[in-house]
Every structure is written in C-alpha cells, then in structure tokens.
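S.K.: This is the structure alone, sequence omitted:
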C-alpha cells in the first residue's frame, strides 16, 4: 500500500507559515489569529513591513522565521515560529523585541511616545521551567511589586504547541481550533466538521498543496526538508538524553549497591584491601563508612 501524500502544508515550516500568514492575500488569517490570542486587541487591519530582525544569526534563520507587521493603530507585531529550543530563548526574545521599539525613534524633537509592541512566539517545544504545568498560553507583561501593570505597551505571548492535546471532537473555542490547525493541518485529508467558519475555509484553500505552482511546490519541499532535519536533530538529542539518563541511573544504582556491600563486609571485619577489590571503592571511601 502506497504512503498517503499530504494534502495540506505543514504550518510549522518556513514556507507554510509565511504562505498562510505572511501574504497580503491571506492577511485575514493573521488578523483573526492575533485577535484570538490578544483578547484586549481588536485589529481591523495591518500591513506587512519589509524590516527583518537584523540580529538573526545563521542558526536562528534556520530554526526561527518571523513576520513583522504594523496594525491599523500603529501597533508593532513580531510573530515568530520557532522550531527548536535554544539556550537563553527568553533573553533572545526580549532582545529582538527591542528592534521595533528603537525603530520608532525620531530625530530632532521627540517626546518619546511609543506605539505598543507585541512579541508573539509560536513554539514547537516546551519551556524547561514550565514542563510540569498544563498552561500552554503565556501572556507576559511588565508589572510592579503589587502585580499591577506598570507599562501596558509591551507584551510577550508564548504558545507551547506540544502541550495542546485536544482531539477534534473536544474543540470548543475559536482558540482551540487555531491550535488544532497548527498541530494537525498537515495530517488532515479534509476540513474537519468543527472548522467550518469562513476564515478556516480560506485557510484550507490556501494550504492545499495541489494548487501550488511548480515553483511554490519546490520551495515548500525545501522548507519541509529543513523542518524534518531540525526535528530529527531534536528527537535524536532527546533519545540520547533518555539513554544517557538510564545509563547514569544504572551506574548510580550500582555505586549505591557497592557501598551497601562494603558496609556489610566491614561489619564482618573483612580487610579493607579485599573490600576495595570486591566493590571497586577506594580505600579512603571504605574507611569513612
């Protein structure tokens, strides 16, 4: 039996993400998504900026892709898809959020009034310090010691996609449906009954691979290859970590057992030299037991 080909693109790839959310034609999709994760904002329109995060390293460009948009009221939005966990991710996120802040500076007389900046991170991984929490949507603001909003023009939104586990029949909110799209789109062969809204109809039409030009298909295949390469690296490192953890556990267990044996032999007045040869423990260690 031949393998069933994907009907819809993977939105976690560079091409897929920008095809669905980074074109003027599909701007409605991005607006709907942003309005869903930022309940305090009702964006009516936005424009795409040609500016990029100039600080991105070569590694960043392979693991991260972003959109930079300006809302109809002047708000700045950085929307990032990140495929792999990085050291100092939160530091990097704060650093890049500074670019749309600094770009608002004006020469000559300026009163320093800033437009709001929103940094949205769609993450294909789980934060180490949040792995035991069920929450996968994090909205971060600047607050004072009384937990009151100190500055309301800078917000960070992080979504940990791997934590979303709902099945189609469990989808309740519009936000649930967006999460389902991000996590299941490339596995679907038809539009689910739960996703019949007009915005999702447009999304599924834009995501259909059969409608791509040969050039678009080639670009998508290349983007998919990058995604799979990085995913394989991440999965391999996780597996190696598990194996390494098991080995370390066995070694640690063996050490503890050797100590127990040494204590029993010492109680029976067995010479230290013989205990050392039997357990592999140093004479100093045995004498200290």
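M.R.: Happy to help now that I have it. Please read these numbers as outputs of a predicted model, since none were measured by experiment. Numbers count the residues shown, from 1 in each chain.

S.K.: switch to C-alpha atoms for all contacts and neighbour counts from now on
M.R.: Will do.

S.K.: same for the lengthiest strand in the chain, what does it pack against?
M.R.: In the chain, with assignment by DSSP state E, the single longest strand is strand 149-160. Judged by 3 or more CA pairs under 8 Å, 6 or more residues apart in numbering; DSSP states H and E, the packing partners of strand 149-160 are strand 117-123, strand 137-143.

S.K.: tell me how far stretch 162-176 is from the chain's mean position?
M.R.: With CA atoms, centre = their mean, to the nearest Å as the basis, stretch 162-176 stands 17 Å off its chain's centre.

S.K.: which residues touch it?
M.R.: By CA atoms under 8 Å, 6 or more residues apart in numbering, the residues outside stretch 162-176 that reach it are 33, 36-37, 124-126, 134-136, 177, 179-180, 183, 192, 194.

S.K.: who does the closest residue to residue 70 other than its chain neighbours bridge with?
M.R.: Among residues not flanking residue 70 along the chain, residue 76 sits closest, at 4.7 Å (CA to CA, 6 or more residues apart in numbering). Listed by DSSP bridges, the beta-bridge partners for residue 76 are residue 70, residue 117.

S.K.: Which stretches in the stretch 1-150 of the chain count as strands?
M.R.: In the stretch 1-150 of the chain, the segments counted as strands under DSSP state E, counting those that start in this stretch are 46-48, 64-71, 76-82, 117-123, 137-143, 149-160.

S.K.: now the angle from the fifth one to strand 117-123?
M.R.: The directions of strand 137-143 and strand 117-123 differ by 150 degrees, with axes from the mean of the first three to the mean of the last three CA atoms, to 10 degrees as the criterion.

S.K.: Could you number the chain from 41 rather than 1 from now on?
M.R.: All right, first residue 41 from here; so that's strand 177-183.

S.K.: number of nearby residues for residue 231?
M.R.: The burial count assigned to residue 231 is 15, neighbours taken as other CA atoms under 10 Å.

S.K.: what's the answer for the one 3 residues further on, then?
M.R.: Using other CA under 10 Å, residue 234 is surrounded by 14 other residues.

S.K.: And it, how far from residue 214?
M.R.: Distance of residue 234 to residue 214, given as CA to CA, to the nearest Å: 10 Å.

S.K.: in the protein, which helix or strand is least confident?
M.R.: Lowest mean confidence among the helices and strands of the chain (mean pLDDT, DSSP states H and E): helix 98-103, at a mean of 49.

S.K.: coming back round to it: out of the strands of the stretch 41-190 of the chain, name the one with the poorest average pLDDT.
M.R.: When the strands of the stretch 41-190 of the chain are compared by mean pLDDT, strand 104-111 comes last with a mean of 81.

S.K.: Mind giving me the packing neighbours of that one?
M.R.: Contacts defined by 3+ CA pairs under 8 Å, 6+ apart place strand 104-111 against strand 86-88, strand 116-122.

S.K.: Reformat these into TSV and put mean neighbour count and distance to residue 106 next to each item.
M.R.: Converted to TSV, the helices and strands packed on strand 104-111 look like this (neighbours: other CA atoms under 10 Å; distance: least, CA to CA, whole Å):
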stretch	mean neighbour count	distance to residue 106
strand 86-88	17	11
strand 116-122	22	4
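
S.K.: Which one of the ones you listed lies nearest to residue 299?
M.R.: strand 116-122 (46.7 Å; CA to CA).

S.K.: now for that closest one, which elements pack on it?
M.R.: Secondary-structure packing of strand 116-122 (3+ CA pairs under 8 Å, 6+ apart): strand 104-111, strand 157-163.

S.K.: follow-up on the earlier one: got the strands of the stretch 41-190 of the chain as JSON lines, with distance to residue 304 columns?
M.R.: Below are the strands of the stretch 41-190 of the chain laid out as JSON lines (distance: least, CA to CA, whole Å):
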{"stretch": "strand 86-88", "distance to residue 304": "74"}
{"stretch": "strand 104-111", "distance to residue 304": "57"}
{"stretch": "strand 116-122", "distance to residue 304": "55"}
{"stretch": "strand 157-163", "distance to residue 304": "53"}
{"stretch": "strand 177-183", "distance to residue 304": "54"}
{"stretch": "strand 189-200", "distance to residue 304": "51"}
